[in-house]
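[1] Need coordinates for the below:
(one chain, ligands or ions: 2)
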Amino acid sequence: MIDTHAHLDHPRFDEDRAEVIRRAGAAGVFRIVTVGCDLKSSREAVGLAAANEAVFATVGIHPHEAEAAAADDPEMIAELAGNPKVVAVGETGLDYHYNFSPPAVQMDMFRRHVRMARTLGLPLIVHEREAGEDLLRVLREESAGEAGGVVHCFTGSRDVAAGILELGFHISVGGVVTFPNAAQVREVVAWLPLDRLLLETDSPYLAPQVQRGKRNEPANLPHIAEAVAALRQVEPERLAEVTDANAAALFRW
Ligand SMILES: [Zn+2]
Ligand SMILES: [Zn+2]
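    Ligands and ions are numbered 1, 2, ... in the order given. Down below sits the predicted model:
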């Protein structure tokens, strides 16, 4: 299995990062995509990918960090993207739940990332929370379908999911699918085409229900895969095969 979205650079892994990566492998998670959230974490992601065969990196500025970013950070991100183990641009997107950066600033940074991904020929890692309509509008206006990508940790409606799929994007699900109150997520997971589905942990955040509230790590991915397999009524081995192939198609490895 492949954990398509984790934050291995996070300080919560400082004590035992090598052990976390080893445990993932022992649990059958043979690849981890570690996702950059700003210039510093993008640099760290690239460093972790260079040092660990199983780890790949993405580089980008999270909507939360859009306002804090320096004017030339996007250029530095584009430069980092040239590293051979960088497989996507992001995470980028829109988060109107927290609005840590003003929506207009998030929007501008998001558009820049979509253009960057198209120019570089890399897919996008997109974060969306309570911003489905604006997200789809930007993706359409910026012809994001040419780059392709994934909307990660998806918690939106089936209508928004349909719009994302129409653009040729994938949808990734994590531990939220195991939460008792996540009926809408389960409905979308049960409904979407299997060849567009990806699995992720979003470590260290959003541990699945069995570990809820604790630090999440990529070794927990099998708990998520099990819940998704049950919703899809497929064998866990079959789900792993399909989602591995989906990740390979998206990240082109
Ligand atoms: Zn995110
Ligand atoms: Zn993330």
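[2] Show me the shaky parts of the stretch 1-150 of the chain.
    Scanning the stretch 1-150 of the chain for pLDDT under 70 picks out nothing.
[3] mind listing the strands for it?
    For the stretch 1-150 of the chain, the strands defined by DSSP state E, counting those that start in this stretch occupy 2-6, 31-35, 55-59, 86-95, 124-129, 149-152.
[4] which is the next helix or strand following the last one?
    Of the helices and strands lying after strand 149-152 in sequence (DSSP states H and E), the nearest is helix 158-166.
[5] residues near Gln233, how many?
    Neighbour count of Gln233, defined by other CB atoms under 10 Å: 7. (Each C-beta comes from the backbone N, C-alpha and C, glycine too.)
[6] Give me the distance between it and Leu194.
    11 Å (CB to CB, to the nearest Å).
[7] what do you get for Asn181?
    With distances taken as CB to CB, Asn181 is found 25 Å from Leu194.
[8] Pick out whichever of these two has more residues nearby.
    Under the criterion of other CB under 10 Å, the comparison of Asn181 against Leu194 puts Leu194 first, with 13 against 7.
[9] The more buried one - nearest residue in space that isn't next to it in sequence?
    Once flanking residues are discounted, Leu194 sits nearest to Val242: 5.5 Å by CB to CB, 6 or more residues apart in numbering.
[10] Can you name every helix or strand that the helix or strand harbouring that neighbour contacts?
    Using DSSP H and E, Val242 falls within helix 236-251. Packing partners of helix 236-251 (3 or more CB pairs under 8 Å, 6 or more residues apart in numbering; DSSP states H and E): strand 2-6, strand 31-35, strand 86-95, strand 197-199, helix 221-232.
[11] Specify the stretch among the ones you listed that is closest to Tyr205.
    Closest of those to Tyr205 is strand 2-6, at 9.4 Å (criterion: CB to CB).
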